[in-house]
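Student: With the sequence up front, the predicted model follows.
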Amino acid sequence: MVNPDIQQETDNGQAEPLLPIEKTLIAWSLLIGIALLIIFALFNIFVPI
Amino acid sequence: MTTATNSFERPRDGHAGLSEDWLALGIGLFIFAMAIAGLSQIDLLGWVVSTSVWVDVSAALRPASTRYASLGGFGSLVVTYIALLAILSIGVAFLRANVKRFALAFTGVFAISYTCWILGHNAHLAATTPPELQQFGISWSLKLTNEGGYVVALIAGLVIANFFPYVAARLNEAIRPELYIKIAIVILGGFFALTFASKLSLAGSVLFRGLAAIVEAYLIYWAVIYFIARKYFGFTREWAAPLASGISICGVSAAIATGAAIRSRPAVPILVSSLVVIFAVVEVLLLPWIANTFLAHEPLVAGAWMGLAVKTDGAAVAAGGISEALILAKNAAEGVHYQPGWILGTTAAVKVFIDLFIGVWAFVLAYIWTNHIVGTGEQARVTEIWRHFPKFILGFLVTFLIGLYFALGTSPATLQKVTPLIGEANNFRVIFFVLTFFSIGMLSDFRKLWQEGFGKLALVYFVSLFGFVIWVGLLISWLFFHGMKPPLAS
């Protein structure tokens, strides 16, 4: 059976606001990810392997 | 009641015995080595059962090699069962599981799974082209191809898990989809090498484009889903991180590695894993047919999409296999005969590339969590990269390199001998796929979605998967793989 406290736990998430380090992780991940995808896409177009 | 929880609690890191990763590597390499040993004129695996499309079931089974023709179809099925029972029972003894319970459960699992596989080969389900219908003397077919047996096995698992809990509980010890698919992936390495070696430039392109999958899964998917889970669904960090990994990377393994990395309670990734499997089943039942409808003329886009969109290795590679069967059959009906192996190969390459970085990502998260978030004084260690690395991939690389050596470094005569031998090993790969499908179905207890507390987890999974992951995966697959076609069959 599922732990009966799960609903209570998942409903109490507001008690944990996003920390600056989490925002940094999200922002840098997206930034690096999009930049790399653009580089790969350009590579794919101009230097096809 | 059977639950995903029981099966995912099995050891991964060797605390309670050998991990399933190492076991899969060992069994996969053993089967591959037995196949290659056939080069010394002794065909060690030719007895493995092989299944053909049938209208008369007595003609469905036969041994893989004509050298073992005297065994007959049923005889080769029995020998295959005994061999698998023996090797897997020895394996689970190393996992410190109950061997007797496993052996009994595996007997049931194998019997049901292989019956489904045989049923899936009935011409009314599997025949795809008008000449085939004519050949079998039938007027209609569902055109599921012979891979339709996977879907039959999946549905059988779903029905037993959801409507026959007593039977499900009896089979639970042998419901090990992660073990079965990892063994299959190790064996698959050699088969891919022979396929890819036939057109190296295209294989290079597939592998290069696979890099985009790593970026997408770890840096785009993860960040967006973690943000959505935290910001809009109010999940705590302990829930949001395994959930983001489960949805974005490769399902079960990633959720469990992330749970360990952020020092969450063990129950958290396990519960996330059970959701991963349930949604993976929905994806396997939908996406290959969508791909066949809209991407039949972009086969490699379809293959990459399965690798990016379907979570858990088993479901993804399985979805790649079904997509390949459907798309090859559709193209064949139009007179275009692509070489088999490329769509499935693309799915597996994408998945293996993503798997390679689980350890690195777990270390990154562990570093951030231990230094900036949990503050327990415990520091992340670089050794965590190795601890979370999926070891079975080493087996895949070994069989791939050996296969590549035979394809490129030996004489055409040797290659001609080794190709059917690797084909024999590939029969085991097919059997492990069937076992995986049945096991995934068995772990998909849809009642969980209605149980108290699962609603919000399921909702964030649903929103992320169907609102973002699937479509971004399709976009990236299209961007990098469109226009690439598998070679035509000679």
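Tutor: That came through, no problem. Just so we're clear, the structure is a prediction, and the values are computed from it rather than from any experiment. Numbers count the residues shown, from 1 in each chain, chains lettered A, B, ... in the order given.
Student: Can you pull the poorly scored residue ranges out of the chain?
Tutor: I went with chain A, as the question did not name one. Residues of chain A meeting the criterion pLDDT under 70: A:1-15, A:49.
Student: oops, I was thinking of chain B
Tutor: Scanning chain B with the threshold set as pLDDT under 70 gives B:1-16, B:375-377, B:448-453.
Student: Identify the single longest helix in it, thanks.
Tutor: Secondary structure of chain B read by DSSP state H shows that its longest helix is helix B:412-442.
Student: Would you mark the buried spots in that one?
Tutor: Residues of helix B:412-442 classed as buried: B:418, B:421-442 (neighbour count, 16 or more other Cβ atoms under 10 Å in any protein chain shown). Where C-beta positions appear, they are placed from N, C-alpha and C, glycine not excepted.
Student: ranges for the helices of chain A?
Tutor: Applying DSSP H to chain A gives helices spanning A:6-11, A:20-46.
Student: whoops, the stretch 51-200 of chain B was the one
Tutor: Assigned by DSSP state H, counting those that start in this stretch, the stretch 51-200 of chain B shows helices spanning B:72-94, B:99-120, B:123-126, B:130-136, B:148-163, B:165-171, B:177-197, B:200-215.
Student: For the longest one, name the packing helices and strands.
Tutor: Contacts of helix B:72-94 with other secondary structure elements, assessed using 3 or more Cβ pairs under 8 Å, 6 or more residues apart in numbering or on different chains; DSSP states H and E, are made with helix B:20-36, strand B:49-51, strand B:61-63, helix B:99-120.
Student: Format these as CSV; extra columns: mean neighbour count.
Tutor: As requested, those are exported to CSV (neighbours: other Cβ atoms under 10 Å in any protein chain shown):
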stretch, mean neighbour count
helix B:20-36, 23
strand B:49-51, 23
strand B:61-63, 23
helix B:99-120, 19
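Student: Select, out of those, the one closest to chain A.
Tutor: Closest to chain A of these is helix B:99-120 (Cβ to the nearest Cβ; 21.8 Å).
Student: Report the angle between that closest one and helix B:72-94.
Tutor: For helix B:99-120 against helix B:72-94, the angle by axes from the mean of the first three to the mean of the last three Cα atoms, to 10 degrees is 140 degrees.
Student: ok so, going back, out of the helices of chain A, deepest packed?
Tutor: Greatest average neighbour count among those goes to helix A:6-11 (a mean of 16), per mean count of other Cβ atoms under 10 Å in any protein chain shown.
Student: Just read off the phi/psi values of B:F235.
Tutor: Dihedral angles of B:F235 (phi, psi; degrees, to the nearest 10) stand at phi -70, psi 150.
Student: which residue packs closest to it, ignoring adjacent ones?
Tutor: Nearest residue to B:F235 in three dimensions, chain neighbours excluded: B:A229, at 4.5 Å (Cβ to Cβ, 6 or more residues apart in numbering or on different chains).
Student: ditto for B:S323
Tutor: Nearest residue to B:S323 in three dimensions, chain neighbours excluded: B:P288, at 4.3 Å (Cβ to Cβ, 6+ apart).
Student: Just read off the phi/psi values of the one you found.
Tutor: Main-chain dihedrals, B:P288, degrees, to the nearest 10: phi -60, psi -40.
Student: Which residues of the stretch 151-300 of chain B lie near chain A?
Tutor: Within the stretch 151-300 of chain B, the residues that sit near chain A (Cβ under 8 Å from any Cβ of the partner chain) are B:201, B:204-205, B:208-209, B:211-212, B:215-216, B:218-220, B:222-224, B:226-227, B:230-231, B:233-237, B:239, B:267, B:271.
Student: Quick one, which of these are buried?
Tutor: B:205, B:209, B:211-212, B:215-216, B:218-220, B:222-224, B:226-227, B:230, B:233-237, B:239, B:271.
Student: So which of the residues you listed belong to helices?
Tutor: B:205, B:209, B:211-212, B:215, B:222-224, B:226-227, B:237, B:239, B:271.
Student: ok, whichever residue of the stretch 51-200 of chain B sits closest to chain A to B:E384 distance?
Tutor: Using Cβ to the nearest Cβ, the single residue of the stretch 51-200 of chain B nearest to chain A is B:L200, 11.2 Å away. According to Cβ to Cβ, to the nearest Å, B:L200 stands 36 Å off from B:E384.
Student: Just want to know which of the two has more residues nearby.
Tutor: Higher neighbour count among B:L200 and B:E384: B:E384, with 20 against 12, using other Cβ atoms under 10 Å in any protein chain shown.
Student: wait, that one sits on B:W361?
Tutor: No - the criterion here is Cβ atoms under 8 Å, and B:E384 misses it with B:W361 at 10.5 Å.
Student: if we can go back for a sec, and the next helix or strand past the longest helix of chain B?
Tutor: Using DSSP states H and E, the next helix or strand after helix B:412-442 towards the C-terminus is helix B:454-464.
Student: Can you confirm whether that following helix lies near chain A?
Tutor: Yes - counting by Cβ under 8 Å from any Cβ, chain A is contacted by helix B:454-464 at B:454-457.
Student: so after that helix, what's the next helix or strand?
Tutor: Beyond helix B:454-464 toward the C-terminal end (DSSP H and E), the next one is helix B:470-481.
Student: What helices and strands are in contact with that following helix?
Tutor: Judged by 3+ Cβ pairs under 8 Å, 6+ apart, helix B:470-481 is in contact with helix A:20-46, helix B:200-215, helix B:299-309.
Student: Save those helices as a markdown table, and put in distance to B:Q339 too.
Tutor: As requested, the helices and strands packed on helix B:470-481 are arranged in a markdown table below (distance: least, Cβ to Cβ, whole Å):
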| stretch | distance to B:Q339 |
| --- | --- |
| helix A:20-46 | 23 |
| helix B:200-215 | 10 |
| helix B:299-309 | 10 |
